[in-house]
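J.: What would the 3D arrangement of this be:
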Amino acid sequence: MADLGPPQAGLVVASHGRHCLVEAADGTRRICHSRGKRSESVVGDRVEWRVTGDEGLVSKVQPRRNLFYRQDEIRTKSFAANLDTVLVLIAAEPEFSETQLARALIAAEAQHITPLVALNKSDLVEPFERAWRRLLPYQHMGYGVLPLSLRVSKEADRESLRKHLQAKTTLVLGPSGAGKSTLINLLVPEARVLTGEISQALNSGKHTTTATTWYWVDPERTTALIDSPGFQEFGLHHIEATQLAALMPDLKPHVAHCRFYNCTHMHEPSCGVRAAVAEEGDPSLERIQPNRYRIYRQLFEELSQPKY
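T.: Residues are numbered from 1 along each chain as shown. Purely as a prediction, here's the structure:
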């Protein structure tokens, strides 16, 4: 092995297998590897690294503020670390899954990351109005919900986005077809070129969004977007079933009214959560919407299964 240079601070801006791309303080980037078979670092990590020949060696990952990830029965998928915001991009068409939205919001809440929901395709009037109505309870819970029209690019939309993302590190998350690549390219016009260069540098041979990638939005490098692969499933097996209600803002206030301190909100008598569930068709936003309670029950049962 070549002699190691002095330790220096860096930022992980892309990762593939045991290799990652580290950005130094002066903005230059270098391929680095870890000592183990797989990299322990994820995009957004602050690391200590040393030059070794033409590449670099990551010797230490600094403590993280947070780590946004999903976990199913078999494996864990880490998206990014040290985030300020998770932007969940959904669309009026195809119709978004409220369960998938809830899963992403719960994962963000668990890591104390501010979620922001953006609803794309406001140019499709009727589908957009239906989708917007479905999101009213989320606005009432205190989540930011932005209307967008990425297909018919509006300067007002772009400025609204920039305002919400300014001076923050934001992970853009969303299912296929929601317009995630369009959003990234709108705010980072050179993103396609950068993605190709990064893919080639990491020798992944893949020029689509198959790896999580960091982009600077501004020349001052204060605002960052992190693009992630599209997802269809979002496992929450890293969260205990008993934590769920506290991570759902519409359920949380009612937990204090349960008779039993360890109430599961599934079947116990004198349950504050179940008592607060609205009747089907009741539009009152002061009550828990039936669909949200159904999502809670589904997730509670899923997370209560024995873990092998």
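J.: residues touching Gln139, list them.
T.: Neighbouring residues of Gln139 by C-beta atoms under 8 Å, 6 or more residues apart in numbering: Val145. In short, each C-beta sits where N, CA and C put it, glycine included.
J.: nope, Ala81 is what I was after
T.: Contact analysis of Ala81 by C-beta under 8 Å, 6+ apart lists 42-45, 64-68.
J.: mind listing what's buried in stretch 233-247?
T.: For stretch 233-247, a neighbour-count test (16 or more other C-beta atoms under 10 Å) marks 234-237, 239, 241, 244-245, 247 as buried.
J.: correction: stretch 143-160
T.: For stretch 143-160, by 16+ other C-beta under 10 Å, it's 143, 145-150, 157.
J.: Adding secondary structure and pLDDT, write those residues out as CSV.
T.: CSV is the format used below for the buried residues of stretch 143-160 (DSSP: H, G, I helix; E, B strand; the rest coil; pLDDT from 0 to 100):
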residue, secondary structure, pLDDT
Tyr143, coil, 97
Val145, strand, 96
Leu146, strand, 94
Pro147, strand, 93
Leu148, coil, 92
Ser149, coil, 90
Leu150, coil, 86
Asp157, helix, 78
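J.: Dump these into a markdown table; add distance to Glu55 as well.
T.: Output for these, formatted as a markdown table (distance: C-beta to C-beta, whole Å):
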| residue | distance to Glu55 |
| --- | --- |
| Tyr143 | 42 |
| Val145 | 44 |
| Leu146 | 41 |
| Pro147 | 45 |
| Leu148 | 40 |
| Ser149 | 44 |
| Leu150 | 38 |
| Asp157 | 41 |
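J.: What is the nearest of the residues you listed to Gln298?
T.: Tyr143 (20.1 Å; C-beta to C-beta).
J.: what separates the closest one from Gly36, distance-wise?
T.: Separation of Tyr143 from Gly36 (C-beta to C-beta, to the nearest Å) stands at 38 Å.
J.: Same check on Lys77?
T.: 18 Å.
J.: Looking at these two, which is more packed in?
T.: A count of neighbours by other C-beta atoms under 10 Å puts Lys77 above the other of Lys77 and Gly36, at 16 against 8.
J.: Could you check how far that one is from Leu148?
T.: Per C-beta to C-beta, Lys77 is found 26 Å from Leu148.
J.: before we move on, what about Arg18?
T.: On the measure of C-beta to C-beta, Arg18 and Leu148 end up 37 Å apart.
J.: Just the buried ones from the contacts of Ala81?
T.: So, by 16+ other C-beta under 10 Å, the buried ones in the contacts of Ala81 are 42-45, 64, 66-68.
J.: now stretch 283-299, how far from the chain's geometric center?
T.: Centroid separation for stretch 283-299 versus its chain: 22 Å, with C-alpha atoms, centre = their mean, to the nearest Å.
J.: Flag every buried residue along that stretch.
T.: Across stretch 283-299, burial judged by 16+ other C-beta under 10 Å covers 287-289, 292-293, 295-296, 299.
J.: Then stretch 167-186?
T.: 168-175, 178-181, 183-186.
J.: Report the mean confidence score over it.
T.: The pLDDT scores in stretch 167-186 average 90.
J.: That stretch: end-to-end distance?
T.: With C-alpha to C-alpha, to the nearest Å as the measure, the ends of stretch 167-186 fall 17 Å from one another.
J.: And it, how far out from the chain middle?
T.: Between the mean C-alpha location of stretch 167-186 and the chain-wide mean there is a distance of 10 Å, by C-alpha atoms, centre = their mean.
J.: Stretch 214-231 now?
T.: 13 Å.
J.: Buried residues, stretch 19-28. List them.
T.: 19-23.
J.: how far does that stretch stretch from start to finish?
T.: 17 Å.
J.: can you check stretch 280-288 too?
T.: First-to-last residue span, stretch 280-288, C-alpha to C-alpha: 11 Å.
J.: Now do the same for that stretch: mean pLDDT, whole number.
T.: When pLDDT is averaged over stretch 280-288, the result is 83.
J.: for stretch 235-246, same thing?
T.: Rounded mean pLDDT across stretch 235-246 is 96.
J.: what about Glu280, which SS state?
T.: coil (DSSP: H, G, I helix; E, B strand; the rest coil).
J.: Could you report the separation of the spatially closest residue to it that is not a sequence neighbour from Asp250?
T.: Of all residues not flanking Glu280 in the chain, Pro290 sits nearest, at 5.3 Å (C-beta to C-beta, 6 or more residues apart in numbering). Counting by C-beta to C-beta, the separation of Pro290 from Asp250 is 12 Å.
J.: Pull out the buried positions in stretch 47-55.
T.: Residues 47, 49-52 are the ones in stretch 47-55 that count as buried (16+ other C-beta under 10 Å).
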